[in-house]
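Q: here you go, sequence then predicted model.
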Amino acid sequence: MSLPIGVLALQGDFREHLQVFSRLGVDAVSVRTAKELGGVSGLVIPGGESTTIGKLATIFELFSPIKAAIANGLPTFGTCAGLIMLADQITGGIEGQETFGGLDVTVSRNAFGNQLDSFEADIKFKGVDHDVHAAFIRAPVITEVRTSEIRAELPDGRVVAVSQGNILGISFHPEVTGEDGVHELFLREFVK
Amino acid sequence: MSSNSEAKTGTPLVKRGLAEMLKGGVIMDVVTPDQAKIAEDAGAVAVMALERVPADIRSQGGVARMSDPDMIDGIIKAVSIPVMAKARIGHFVEAQIIQQLGVDYIDESEVLSPADFVNHIDKWQFKVPFVCGATNLGEALRRITEGAAMIRSKGEAGTGDVSEAMKHIRTINGELRALAAKSHDELYVAAKELQAPYELVLEVAKTGKLPVVMFVAGGIATPADAALMMQLGADGVFVGSGIFKSGNPMERAKAIVKATTFFNDPEVLAQVSRGLGEAMVGINVSDIPAPHRLADRGW
């Protein structure tokens, strides 16, 4: 891997993702412009507010370049708001909310409810050899999986992680719980 | 695939975690569902639902209290982004009511009239997270000790004068640097001087930063003000009266959102500062007599 991993740094917890890569000894940089996007071997779309991230991406002419890069096979990993941005279809979005797409799934925004329903739990994750400590913060849920592969679900069967081709999307935040296993999986299986 | 542990709600991680997701964003004061929608459309990461913006509280006077639950409900229904609401300092029943409404964050705020001039709310008793104001490091650490999951430097709300926000973030950052430079045996006295628990002072001295996210608030009125605070190390900004007391709220809101992301790029800042119309009129903090300064509320 010659080029660094990029973390989309428009809004949200991008610094926490950069810190995970730093702990893993992997070179990572923030991405705010189309030029910076051109210099990365993989892209992380962090947690944050998907409405804000989408708008800023459009305003700063990053939306189409990111969409094209993902469609062209750039390894991409989205957490929470990042998962929403990677879903082909969303429910509970604001009027006209667009996504980069790539995952053939429907994602429901704020599916668990408001902040009082935010929670943490240990879950099994296909491809990670230990239980993953996951924080679900006003988290989305994958309500229709279609052609994607399920990576993790809750005991009640709600799907919270999927992958498809070059893309990994999860509804929780390993980057705030000190859980590096999912990032390692992304590097190992997707970025290579 | 199944879980082997119970899901836990209301934990410190989950409370502090929501603030992490708001970082790099702008939280806007709104008084109606229509304003909330404008804020969301402009790219706000959250809205603060309140009955009167600080500039109006200041000019109209009287006791400022929690907002009407109907008004908060209306704003929760209008937007998909997190909604915050304010309770008076020490008024734990207002906080209980606001939690019941299902808001995402409570601001125990000096902008409202304090209900207790000695104690703040025991925020550990709540599942909903709290944000609290601070003018210096000791105040921030005391609020965190009481359970605050996010800190905002206070500034002077409702003025459009950024000088107090500047003073508070510089004070807090300066005190953080000074604390980090102390030797271990000096931290006992540091804890005494900061009037904060030793364990928390030790943790902050080791990491050099607060254990929670810190936004700035109070007097932010322009994209340049927002970028100024971000360059000084803020995690994000609250804009109160600055947006909906200006000539063109939508354009100003969008411009402040852009400036908060591209705070280090003068080209973007110059571009977004153009053509915004009238800024809020503003009051110089130095013209406000001491008893009317909101930042002095909190102990």
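A: Sure thing, it's come through. Numbering: from 1, shown residues only, chains lettered A, B, ... in the order given.
Q: ok, A:Ala34 touching A:Ala57?
A: No. Counting by C-beta atoms under 8 Å, A:Ala34 sits too far from A:Ala57 to count as a contact (10.2 Å). Glycine gets a C-beta too; all of them are placed from N, C-alpha and C.
Q: more neighbours, those two?
A: A:Ala57 (23 against 16; other C-beta atoms under 10 Å in any protein chain shown).
Q: if I've got this straight, that one is in a strand?
A: No. Read with DSSP: H, G, I helix; E, B strand; the rest coil, A:Ala57 is helix and lies in no strand.
Q: now do the contacts for the residue in the stretch 1-150 of chain B positioned nearest to chain A.
A: Closest residue of the stretch 1-150 of chain B to chain A, C-beta to the nearest C-beta: B:Asp104 (3.8 Å). Neighbour list for B:Asp104: A:114-115, A:138, B:18, B:46, B:82-84, B:128-129 [criterion: C-beta atoms under 8 Å, 6 or more residues apart in numbering or on different chains].
Q: run the last query once more with 7 Å
A: Going by C-beta atoms under 7 Å, 6 or more residues apart in numbering or on different chains, B:Asp104 touches A:114-115, A:138, B:18, B:82-84.
Q: next: B:Met229.
A: Applying C-beta under 7 Å, 6+ apart to B:Met229 gives the contacts B:165, B:169, B:216, B:220, B:237.
Q: restricted to strands, list those.
A: B:216, B:237 (DSSP state E).
Q: which one of the contacts of B:Met229 is nearest to A:Leu18?
A: Among those, B:Val237 lies closest to A:Leu18 (C-beta to C-beta), at 21.5 Å.
Q: show me the helices in the stretch 51-200 of chain B, by range?
A: Here the stretch 51-200 of chain B has its helices, by DSSP state H, counting those that start in this stretch, at B:54-60, B:69-78, B:92-101, B:137-145, B:163-180, B:187-194, B:198-207.
Q: pull the distance from the longest one to the chain's centre.
A: This means helix B:163-180. Its chain's C-alpha centre and that of helix B:163-180 lie 16 Å apart, by C-alpha atoms, centre = their mean, to the nearest Å.
Q: closest residue of the stretch 151-299 of chain B to chain A?
A: For the stretch 151-299 of chain B, C-beta to the nearest C-beta, closest residue to chain A: B:Thr261, 5.4 Å.
Q: most centrally placed residue in chain B?
A: The residue lying closest to the centre of chain B (C-alpha atoms, centre = their mean) is B:Arg152, at 3.8 Å.
Q: just chain A next, same as before
A: Note: chain A centre (C-alpha atoms, centre = their mean) maps to A:Gly78, 0.8 Å.
Q: report the beta-bridge partners for that one.
A: Residues in a beta bridge with A:Gly78, per DSSP bridges, are A:Ile45, A:Gly169.
Q: that one contacts A:Met85, doesn't it?
A: Yes. Contact criterion C-beta atoms under 7 Å: A:Gly78 and A:Met85 qualify, at 5.9 Å.
Q: so which bits of chain B are right by chain A?
A: Residues of chain B lying near chain A by C-beta under 7 Å from any C-beta of the partner chain: B:1-5, B:7-9, B:11, B:13-14, B:17-18, B:20-21, B:23-25, B:40, B:43, B:45, B:80-82, B:102, B:104-105, B:127-129, B:258, B:261.
Q: can I have the buried ones of these as a PyMOL selection?
A: Restricted to buried positions by 16 or more other C-beta atoms under 10 Å in any protein chain shown, the PyMOL selection for the residues of chain B next to chain A reads:
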select buried, chain B and resi 1+3+7+9+13+14+17+18+20+21+23+24+25+40+43+45+80+81+82+102+104+105+128+129+258+261
